[in-house]
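Asks: Quick check, what structure comes out for this input:
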Amino acid sequence: MWKVKIRSIQWCGVILAVTTKFKVDDTLDMAIFEVNIKAQIEAGVSGIILGGTLGEASTLTDEEKKVLITKTVELVKGKVPVIINIAEQSTKNAIEAAKKAKEYGATGLMMLPPMRYKADSRETVNYFKKVASSTTLPIMIYNNPVDYGIEVTLDMFAELAECNNIQAVKESTRDISNVIRMRNRFKNLCNFVWC
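Replies: Here you go, the predicted model:
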């Protein structure tokens with residue numbers, strides 16, 4: 001099994017996905033973005049997620065992501081983790097996105113299954129494992145089959161449990177009983193955190 005020292009994130013509290021602000025000319029509005037980040041820190045959020053999944057993660061350019069991550073890291077001054085969402089079409093691109101996220105100062109990743117292609121369970125698990133093994137950043141898996149067409153099932157999470165940097169789940173199946181099933185099945189695994 002692949003072992004690496006993983007930085008820790010407390011996956012509890014309010015970890016907020018902020019929107020990316022743009023000007024009329026389609027460039028980043030960093031002045032408004034800064035106001036928003038500072039307001040979130042003052043309000044007491046437990047973490048900031050950049051590049052939300054409803055379009056931003058897969059449409060922001062690499063340069064825009066770099067600017068957003070580095071600016072957020074500068075603004076939060078280590079008070080809360082800075083997490084970037086990864087919503088890529090291929091394993092290769094997701095690995096590269098994770099590498100760049102760490103290079104730019106992100107402290108964690110939120111990951112969706114591969115985008116635009118309905119991967120089967122084997123492909124999805126392989127995708128997550130390969131990305132997890134390529135980075136030391138802690139990872140939260142976003143399980144949102146209603147919007148993205150792929151459900152990360154309990155059996156898939158059992159396979160992913162060997163990746164010690166897959167630490168949390170954003171559960172959005174719309175089936176609230178799924179959280180109970182997850183807690184019951186994985187309560188003894190230290191690399192899954194339920195908040």
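Asks: Next, report how far the lowest-mean-pLDDT helix or strand in the chain is displaced from the centre of its chain.
Replies: None of the helices or strands of the chain scores lower by mean pLDDT, DSSP states H and E than helix 56-59, at a mean of 82. Here helix 56-59 is found 13 Å from its chain centre; the criterion is Cα atoms, centre = their mean, to the nearest Å.
Asks: Please work out which residues outside it touch it.
Replies: 19-20, 51, 84-89, 112, 115 (Cβ atoms under 8 Å, 6 or more residues apart in numbering). The way it works is simple: take the backbone N, C-alpha and C, and place the C-beta from them, glycine included.
Asks: following that helix, which helix or strand comes up?
Replies: Downstream of helix 56-59, the first helix or strand assigned by DSSP states H and E is helix 62-76.
Asks: What is that next one packed up against?
Replies: helix 30-43, strand 47-50, strand 82-86, helix 91-104 (3 or more Cβ pairs under 8 Å, 6 or more residues apart in numbering; DSSP states H and E).
Asks: Give me the pLDDT value at residue 194.
Replies: Listed pLDDT for residue 194 reads 46.
Asks: How many neighbouring residues does residue 90 have?
Replies: As a burial measure, residue 90 scores 13 neighbours (other Cβ atoms under 10 Å).
Asks: any weak-confidence spans in the chain?
Replies: 1-7, 54-55, 188-195 (pLDDT under 70).
Asks: measure the spatially most central residue of it to residue 9 for me?
Replies: What sits nearest the mean C-alpha location of the chain, by Cα atoms, centre = their mean, is residue 110, with 0.6 Å. Distance of residue 110 to residue 9, computed by Cβ to Cβ, to the nearest Å: 11 Å.
Asks: Could you tell me the end-to-end distance of stretch 44-61?
Replies: This stretch, stretch 44-61, spans 29 Å end to end (Cα to Cα, to the nearest Å).
Asks: buried ones in that stretch?
Replies: 45-53, 56-58, 60 (16 or more other Cβ atoms under 10 Å).
Asks: Likewise for stretch 159-179?
Replies: 159-160, 163-171, 173, 178.
Asks: Keep only those of those that are in helices.
Replies: 159-160, 178 (DSSP state H).
Asks: Could I get those in TSV, plus columns for distance to residue 99?
Replies: TSV is the format used below for these (distance: Cβ to Cβ, whole Å):
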residue	distance to residue 99
159	23
160	20
178	32
